[in-house]
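> My questions concern the predicted model and sequence given below.
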Amino acid sequence: MSIRKCLFPAAGYGTRFLPATKAMPKEMMPIVSKPLIQYGVEEAMTAGMREIGIVTGRGKRAIEDHFDKSYELENQIAGTGKENLLAEITEIIARCRFSYTRQVEMLGLGHAILVGEGLVGNEPFGVILADDYCVASPDSVMQQMVKIYEKYQCSVVAVEEVSLSRVSRYGVIDGVERDGVFRVSSMVEKPRPESAPSQLAIIGRYILTPDIFEILRKISPVSGGELHITDALNVQARNGGVIGLKFSGSRFDCGGLDGFVAATNYTYDTLKMKSGV
Ligand code: G1P
């Protein structure tokens, strides 16, 4: 069975981008002229996922408006040279189905995913954190992950080797490499460098089997009430149910200024090269 659905946790505040994110969702920050979340949705589509579930929060209505018709604007630019600037988003709206739910309290990624259960139901699904902007070809990162899912029929996490000084920002896997993938035995959430099981950090791309919801309901929150997706994945990993894929391609961490600026420069240069300017 192919994976039809992709969940986008998008309730976070984006405080690192204040004041830009005071009234605008961080997922709407543009890399050149396209919002981060649109890149994420385009990636989901390359992997065949057309049912897009977005977990939003207060102040995020711009996301819903973005993935909707804008009659007045479309009417205004109809027949002008600017019409093609909306071609991509118009096609996305035509080909995907969007549904939304709100995360009322920010209680971690595990909680956001559990809130999305109603949008996903009882089937495997992708998760994309739009902050992580991934560039890969010919296959997108999510396409690479779907291929692994089809082979192993279990949860898949995308991993990237990071420097030891950065492991404390991520969930980090322990596992054995075989046939080009990692059989994950366990994961540690944001370890100190000296206790990290490896330097393979989980980035914002997941394929999850639906038993994750039941597991998320059962595990205990960490102090502060947050539910870590890593803790739920650890339960699956104990039964051999998690594969780590060291994807090919590049990732820009657009949750921070350095990654955001690097992604902007990269995308701008690529666009300029394509247009031959
Ligand atoms: C979350 C996960 C972490 C993962 C990261 C990827 O952390 O808890 O395991 O490595 O996403 O972006 P957060 O960024 O929400 O702190």
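That came through fine.

> From now on I want contacts and neighbour counts done on CA atoms only, so please keep to that.
Fine.

> In the stretch 1-150 of the chain, which residue sits closest to the ligand?
The nearest approach of the stretch 1-150 of the chain to the ligand comes at L109, 5.4 Å away (Cα to the nearest ligand atom).

> quick one, helices of the stretch 51-200 of the chain?
Listed in chain order, the helices found in the stretch 51-200 of the chain under DSSP state H, counting those that start in this stretch are 61-66, 71-77, 87-95, 108-115, 117-120, 141-152.

> hmm, who's touching the first one?
Taking contacts as Cα atoms under 8 Å, 6 or more residues apart in numbering, the residues outside helix 61-66 that touch it are M24, P25, E27, M28.

> if I read this right, the residue of the stretch 1-150 of the chain closest to the ligand contacts I229, doesn't it?
Yes - assessed by Cα atoms under 8 Å, L109 is found in contact with I229 at 5.9 Å.

> which bits of this structure sit near the ligand?
Applying Cα under 6 Å from any ligand atom, one finds that the chain approaches the ligand through L109, Y170, G171, E189, A201, I202, I203, G204, H228, I229, T230.

> Of those, which is the nearest to A44?
Using Cα to Cα, G204 is the member of those that sits closest to A44, with 12.6 Å.

> Pull the contacting residues for the closest one.
V127, I128, L129, A130, D131, D132, A158.

> And for it, nearest residue in space, chain neighbours not counted?
Using Cα to Cα, 6 or more residues apart in numbering and skipping residues adjacent in sequence, the residue nearest G204 is L129, 4.7 Å away.

> Could you pull out the buried residues of the helix ranked longest in the chain?
Ranked by number of residues, the top helix in the chain under DSSP state H is helix 257-274. Buried positions in helix 257-274, judged by neighbour count with 16 or more other Cα atoms under 10 Å: G259, F260, V261, A263, T264, Y266, T267.

> Out of those, flag the one nearest to the ligand.
For the buried residues of helix 257-274, the closest approach to the ligand (Cα to the nearest ligand atom) belongs to G259, at 12.7 Å.

> hang on, the closest one packs against F252?
Yes - judged on Cα under 8 Å, G259 makes contact with F252 at a distance of 5.1 Å.

> Show me which residues of the helix or strand harbouring V235 are buried.
Under the criterion of DSSP states H and E, V235 resides in helix 229-238. Neighbour-count burial for helix 229-238, with 16+ other Cα under 10 Å as criterion, is recorded at I229, T230, D231, A232, L233, N234, V235, Q236, A237.

> Next: stretch 22-34.
Across stretch 22-34, burial judged by 16+ other Cα under 10 Å covers M24, P25, K26, E27, M28, M29, I31.
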